[in-house]
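Student: sequence? don't have it. structure:
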């Protein structure tokens, strides 16, 4: 299954519509969104998505920095996905 994740920082003027449109155009079947700071792990929809992944699932994000602002956290997510035979793809 192709799953998508969209996140914008907390703020009144930001929304995920641009990300959602691009992800749907890329074939995303199920989309999870958060409005949260990337430097913190208060991203419940991302955690839920990662917990529900199955082998051969593909995660598509707008940009890799949408997964986390920390390179280390992004790398840890990617390693965890690779260990579980999961794929991720960034549109930009």
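Tutor: Good, I have the coordinates. Only a predicted model underlies this, so the values are computations on that prediction, with no experimental measurement involved. Residues are numbered from 1 along each chain as shown.

Student: List the contacts of the nearest residue to residue 16 once chain neighbours are set aside.
Tutor: Spatial nearest neighbour of residue 16, excluding adjacent residues (Cβ to Cβ, 6 or more residues apart in numbering): residue 6 at 4.2 Å. Where C-beta positions appear, they are placed from N, C-alpha and C, glycine not excepted. By Cβ atoms under 8 Å, 6 or more residues apart in numbering, the residues touching residue 6 are 16, 19, 20, 23, 31, 32, 33, 34, 61, 62, 66.

Student: please redo it, this time with the cut-off set to 7 Å
Tutor: 16, 19, 20, 23, 31, 33, 62, 66 (Cβ atoms under 7 Å, 6 or more residues apart in numbering).

Student: Is it bridged to anything, and to what?
Tutor: Beta-bridge pairing for residue 6 (DSSP bridges): residue 33.

Student: So which helix or strand of the chain has the lowest pLDDT on average?
Tutor: strand 87-90 (a mean of 53; mean pLDDT, DSSP states H and E).

Student: which element is residue 10 on?
Tutor: If you go by DSSP states H and E, residue 10 is not part of any helix or strand.

Student: No further questions, thank you.
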